[in-house]
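Chemist: Quick one, structure for this:
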Amino acid sequence: MDSLIPLHALKPGQRAVIRRLDTPEPLRRRLLELGLLPGEAIGCIGRSPGGDPSAYELCHAVVAIRRQDAAKIWIFTGEGNTSGTDE
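Modeler: Just a heads-up that it's a prediction; the model follows:
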C-alpha cells in the first residue's frame, strides 16, 4: 500500500511521484496543463522567503504552487508514511 503525503510536505531537494490531484476542476485542469500528471516525477527546489509559495521542478520546467493548492496534490516519495495518511 502506498504511503501518500501532500505535495507541500516535500522538502527542498526531495523528489517524489505525483499520484493524484484532489483540486477543484478549474485548478485541476490548469495543473494538468502544466504537466502535473499522475505518474510524473516532481521535485521541490525551494520555498519563497515567507514559505509560500514553493517552487517545484517537473518536465524540465519550474512552477510555483501555493501551499493551499499543494495540500491537495498527493505524492508518493517511496519512503515510509510520515504523515499518518495511508491509502
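Chemist: What strand or helix carries L27?
Modeler: helix 25-34 (DSSP states H and E).
Chemist: What pairs with the helix or strand just after that helix, parallel or antiparallel?
Modeler: Helices and strands here follow DSSP H and E; after helix 25-34, the next one along the chain is strand 41-47. Sheet pairing here is set by DSSP bridges, and for strand 41-47 it gives strand 15-21 (antiparallel), strand 54-58 (antiparallel).
Chemist: List the contacts of the shortest one.
Modeler: When contacts are defined by Cβ atoms under 8 Å, 6 or more residues apart in numbering, strand 54-58 is touched by residues 7-8, 10, 12, 18, 34-36, 40-48, 62-65, 67, 70. Using the backbone N, CA and C atoms, a C-beta is placed for each residue, glycine as well.
Chemist: Now list the buried members of the residues you listed.
Modeler: Under a neighbour-count criterion of 16 or more other Cβ atoms under 10 Å, the subset of the contacts of strand 54-58 counted as buried comprises L7, H8, L10, I18, L36, I42, C44, R47, V63, I65, A70.
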